[in-house]
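Asker: pasting the structure only:
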C-alpha cells in the first residue's frame, strides 16, 4: 500500500468508532460475567508503517500481527522504534518452531496469543531465556480451536485445561494470561449466541475451577471486526480489530495477503517484499 493510499484512511475516526462500540457493548454485557475492561488490539497485518504510527499517535498502543517475519520487520523499523516507544506487539498467528527466535527477538513483543501445544510452550519457555530482561516472563495465551475446523490452529477444548496446567507448572518463563480463539467466520447471530465464544468462556470456567485460578485474571481474546461487539457481550476481554480501523484491503492487497501466507509457509519472505513493492 502506498503512502497516498494510507493517507486516505481516517485512522482517528476508525479508532473512535471502534472504541465507542466497545463501550456500548460493555454496557450490554451481563453483570454475571467478569467485569474486565476490554482491550483493543489493532490488527495491522499487511498494513504499512505510516498507518501504524498514525494509530499510535491517536492513542492506540496494542497492535496484532499474524506473520513472524512481518512482525519482526515492523517492530525493528527505525520509525516505529523512534515514534512508538510504548508499542505492544501481540503475535496472533501460527508460530513455526524455526521462527521462534526471530519472534522473541522482536522489540516490543508483549504477548504470544497462539500457544496451542506443549511442544510450542516448551520451546518458547526455553528460548525466552535468551531475550528476556531480568526476570521478566513472556506473556502467552492458549489458543483453542473452538470451531473444530481443520484449517484453524488451536488445541481441542477438552484438552485446554491440561495445556494450561502444563504451562503453569512446567514453563516458569511463561506468564499465562488467558485463552484465545478465532472461531468460524461470518456467524449469523440471529441464530443465537456464537457457539465458539460460548465454548471459549466455558473453557475458561473449567480452567479456573480445576486449577484454582481467579476468573477475573484470565482473559478471553475473541472477536474481530465483524463480531467484536457480540464477543464483548459474551465476555471477551481482548478484541482483535483490523479493517474497522485501517480500512478494507483493496483487491490487489487480497492477492498480496494470500501470497504472504504462501511465502510464510515456503520461507521466501524476500520474494514477498518484492511483490509488495511491485504489484
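Answerer: Structure received. These numbers come from a predicted model, not from an experiment. Numbers count the residues shown, from 1 in each chain.
Asker: so where is the stretch 1-150 of the chain shaky, pLDDT-wise?
Answerer: For the stretch 1-150 of the chain, applying pLDDT under 70 flags the ranges 1-8.
Asker: And the stretch 151-279 of the chain, by the same measure?
Answerer: Regions of the stretch 151-279 of the chain meeting the criterion pLDDT under 70 cover residues 249-279.
Asker: one more time with 80
Answerer: Across the stretch 151-279 of the chain, residues meeting the criterion (pLDDT under 80) sit at 248-279.
Asker: Would you mind giving the domain segments of this structure?
Answerer: Under the assignment automatic domain parsing, the domains of the chain span 3-248, 251-279.
Asker: Please render these as a markdown table that adds mean neighbour count to the earlier fields.
Answerer: C-beta: built from backbone N, CA, C; applies to glycine. Formatted as a markdown table, the domains of the chain follow (neighbours: other CB atoms under 10 Å):
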| stretch | mean neighbour count |
| --- | --- |
| domain 3-248 | 18 |
| domain 251-279 | 14 |
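Asker: so who does residue 219 touch?
Answerer: Taking CB atoms under 8 Å, 6 or more residues apart in numbering as the criterion, residue 219 is in contact with 36, 39, 141, 177, 178, 179, 237, 238.
Asker: gap between the helix or strand encompassing residue 197 and the chain center?
Answerer: In the assignment (DSSP states H and E), residue 197 maps to helix 195-211. Chain-centre distance of helix 195-211: 19 Å, with CA atoms, centre = their mean, to the nearest Å.
Asker: same for it, what does it pack against?
Answerer: Packing contacts for helix 195-211, counted by 3 or more CB pairs under 8 Å, 6 or more residues apart in numbering; DSSP states H and E, involve helix 160-170, strand 174-180, strand 219-221.
Asker: Which among these is found nearest to residue 18?
Answerer: Evaluated with CB to CB, those place strand 219-221 nearest to residue 18, the distance being 15.6 Å.
Asker: Skip the chain neighbours and tell me the closest residue to the spatially most central residue of the chain.
Answerer: In the chain, the C-alpha nearest the mean C-alpha coordinate belongs to residue 92, at 3.5 Å (CA atoms, centre = their mean). Nearest in space to residue 92, with sequence neighbours left out and distances taken as CB to CB, 6 or more residues apart in numbering, is residue 64 at 4.6 Å.
Asker: Please, which helix or strand holds that neighbour?
Answerer: Using DSSP H and E, residue 64 falls within strand 62-65.
Asker: Check residue 245 too.
Answerer: Per DSSP H and E: helix 243-246 holds residue 245.
Asker: List just the one of the helices and strands packed on helix 195-211 that sits closest to residue 86.
Answerer: strand 174-180 (18.5 Å).
Asker: so where do the strands sit in the chain?
Answerer: Using DSSP state E, the strands of the chain run over 39-43, 62-65, 88-91, 109-115, 138-143, 174-180, 219-221, 238-241.
Asker: what's the fourth one packed up against?
Answerer: So that's strand 109-115. For strand 109-115, the packing partners by 3+ CB pairs under 8 Å, 6+ apart come out as strand 88-91, helix 118-127, strand 138-143, strand 174-180.
Asker: Would you mind listing the outside residues contacting the third one?
Answerer: When contacts are taken as CB under 8 Å, 6+ apart, the neighbours of strand 138-143 outside the stretch itself are 104, 109-116, 121, 124-125, 128, 132, 153-155, 160, 163-164, 167, 173-182, 219, 221.
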